[in-house]
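Asks: build the 3D model from these lines:
(one chain, ligands or ions: 1)
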Amino acid sequence: MKLPGDGHDHQDLSRSLWYASATEPNTAAPPLTGAVRTDVAIVGAGFTGLSAALHLAERGVNVRVLEAKEPGWGASGRNGGQVIAGLKYEPEYLEQHFGDAGARMAELSGGAPDFLFSLVRRFEIKCDPADSGWIQPATNSKNLATVTARARAWEKRGVKVTLLDKQKIGELIGTDFYVGGWIDPRGGSVQPLSLARGLARAAIQKGAQVHGHSPVISMIRDGKQWRLTTQNGGIVVADTVFLCTNAYTTNELWKGLAQSVIPVRAFQVATAPLTDNLRRTVFPHGFLASSDAKRMLTYTRVDRDGRIVMGGRGTFDHKAHPEIFGKLREDVQKRFFPQVGEPRWDYAWSGWIAMTADHLPHLNELAPGLYAGLGYNGRGVALACVMGKQLADRATEANAGKTGWPAANMKPLPFHAFRQPALRTIRSWWRFRDNLDKRLHG
Ligand SMILES: Cc1cc2nc3c(=O)[nH]c(=O)nc-3n(C[C@H](O)[C@H](O)[C@H](O)COP(=O)(O)OP(=O)(O)OC[C@H]3O[C@@H](n4cnc5c(N)ncnc54)[C@H](O)[C@@H]3O)c2cc1C
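Replies: Reported below is the predicted structural model:
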């Protein structure tokens, strides 16, 4: 039997669940034609670029967004929709290693879900927001110690965390796969494509111009300004440019930027809506999203219509990988939710995540009037919205560099050209370590 993901281009956004279930309509974003001048040009209409455009437009700045496809086409419209607070590191670690800059990263990343949900409320974005909390489960006792330490670290900062034993987490998620975990009350979930479209709508309402189907093919310094040319012959001359292309960054616009991140392809599958009886057994208590703490992590949730959405298992190439979708479906049916039997599978799709060597998102000041925000390591739903505002602050507030997200010095990764074989080795190693942890500490 042919299943979603077999023999179609699952990098096509229109194959995703989110495309089918989006409640925010696709914003009119006409391609750029002719030559225009603007204060700020933004390349990429994902959460980073759209949040930046919205925050600039609210301040009366003249802004144009240039997107190769349509708003939300990249990772923003096709992710798991899990709204997650914080970074890979605990706040203390960030402060110890980066001092004041670390404290700012801890605070901004910890407050990211709140920032996102307040944007959603302020602009009445119809994206199924659920701010009921986010669960981080553990698959073995070693993992559990790590996530418990993380929960305690945030608790010390006033977050009302809840620690979960095997029985409690089993009740909340509806699986006996996990040994425990914690609830972060700051997190939750959204319908990601609706969020991206809603941000585009809000930015346009505030005066931004958003152009779809306008891939930027060159960018040159022209006196004190930047001159961007699109594939269809449009030209934008801007005082300031933000590159918000994340894992979809290529080499044409700024040498080295693409090499500062490692693109990893992530996969997702979704069932048909569960029957009412089954729905009462999967995330039955109002929490809708969880991502585990393994090196090769798995994330799962239910959507508005009661479908199970399962994601994980990365690759580094563009090939079709029907076997990966098969494994994700097997995870649902055999490992996590055997009670659902053999559900109908409606959707399978994939997209690109940008990882960084230091596991931190990067705000780069590349040249006078040229900034980039990228590298969310799979946690960009809330963080990229924060980063968009941080970029807007940089361009408009003299003091922003001292108070906001610290600028990174862009460092192209030395082994980038050889990343595919190297990363395949790392992935196998991570999988081996996850399995070993399970055997030793399971
Ligand atoms: C499958 C998957 C699951 C994920 N799950 C989660 C999750 O549950 N929670 C979470 O927090 N994060 C998750 N993430 C990560 C999150 O989606 C990203 O961090 C976030 O969306 C990045 O937003 P962005 O705006 O920076 O980039 P993107 O949304 O990728 O946008 C970049 C845009 O730039 C455009 N572009 C590129 N080059 C050009 C050019 N030359 N000219 C014009 N436009 C250009 C692209 O078309 C694209 O639309 C997931 C990612 C994926 C792929």
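Asks: contacts only, for Gly351.
Replies: Neighbour list for Gly351: 11, 74-75, 78-79, 265-266 [criterion: Cβ atoms under 8 Å, 6 or more residues apart in numbering]. Heads up, the C-betas are built off the backbone N, CA and C, glycines and all.
Asks: quick one, phi/psi of the spatially most central residue of the chain?
Replies: Centre of the chain computed as the mean C-alpha position; nearest residue by Cα atoms, centre = their mean is Gly380, 3.1 Å away. The phi/psi pair for Gly380 (degrees, to the nearest 10) reads phi -90, psi -10.
Asks: tell me which residues touch it, please.
Replies: Here Gly380 is in contact with 47-48, 75-76, 79, 246, 353, 361 (Cβ under 8 Å, 6+ apart).
Asks: of the residues you listed, buried ones?
Replies: 47-48, 75-76, 79, 246, 353, 361 (16 or more other Cβ atoms under 10 Å).
Asks: go through those residues and flag which are in strands.
Replies: Among these, the members found in strands (DSSP state E) are Ile353.
Asks: of the buried ones among the contacts of Gly380, which is the nearest to Leu94?
Replies: Pro361 (12.1 Å; Cβ to Cβ).
Asks: do I have it right that that closest one meets Met387?
Replies: Yes. Between Pro361 and Met387 there is a contact under Cβ atoms under 8 Å: 6.2 Å.
Asks: Gly351 is in what secondary structure piece?
Replies: Using DSSP states H and E, Gly351 maps to strand 345-355.
Asks: same question, Ile125
Replies: Counting by DSSP H and E, Ile125 is part of no helix or strand.
Asks: follow-up on the earlier one: the ligand next: which of the buried ones among the contacts of Gly380 are close?
Replies: Here is what survives when those are matched to the ligand using Cβ under 6 Å from any ligand atom: 47-48, 75-76, 79, 246, 353.
Asks: check contacts around Asp239.
Replies: Per Cβ under 8 Å, 6+ apart, neighbours of Asp239: 39-40, 224-226, 369.
Asks: of the ones next to the ligand among the buried ones among the contacts of Gly380, which belong to helices?
Replies: 47-48 (DSSP state H).
Asks: lowest-confidence entry in the ones next to the ligand among the buried ones among the contacts of Gly380?
Replies: By pLDDT, Ile353 ranks lowest within these, coming in at 94.
Asks: ok, back up a step: closest to His321 among the contacts of Gly351?
Replies: For the contacts of Gly351, the nearest to His321 is Arg265 (8.2 Å; Cβ to Cβ).
Asks: number of nearby residues for that closest one?
Replies: Around Arg265 sit 20 other residues, with neighbours defined as other Cβ atoms under 10 Å.
Asks: report the beta-bridge partner residues of it.
Replies: Going by DSSP bridges, Arg265 is paired in beta bridges with Thr315, Trp352.
Asks: got the contact list for it?
Replies: With Cβ under 8 Å, 6+ apart as the criterion, the residues that contact Arg265 are 314-318, 350-353.
Asks: and which of those is nearest to the ligand?
Replies: Gly351 (3.0 Å; Cβ to the nearest ligand atom).
Asks: so what pLDDT did the closest one get?
Replies: 94.
Asks: that one and Arg227, how far apart?
Replies: 30 Å (Cβ to Cβ, to the nearest Å).
Asks: about what we covered before: who touches both of Pro361 and Met387?
Replies: Once Cβ under 8 Å, 6+ apart is applied, the residues that Pro361 and Met387 both contact turn out to be 373, 376, 405.
Asks: let me have these in a markdown table, adding pLDDT and distance to Lys126 as columns.
Replies: Converted to a markdown table, the shared contacts of Pro361 and Met387 look like this (pLDDT from 0 to 100; distance: Cβ to Cβ, whole Å):
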| residue | pLDDT | distance to Lys126 |
| --- | --- | --- |
| Gly373 | 98 | 26 |
| Tyr376 | 97 | 24 |
| Trp405 | 95 | 29 |
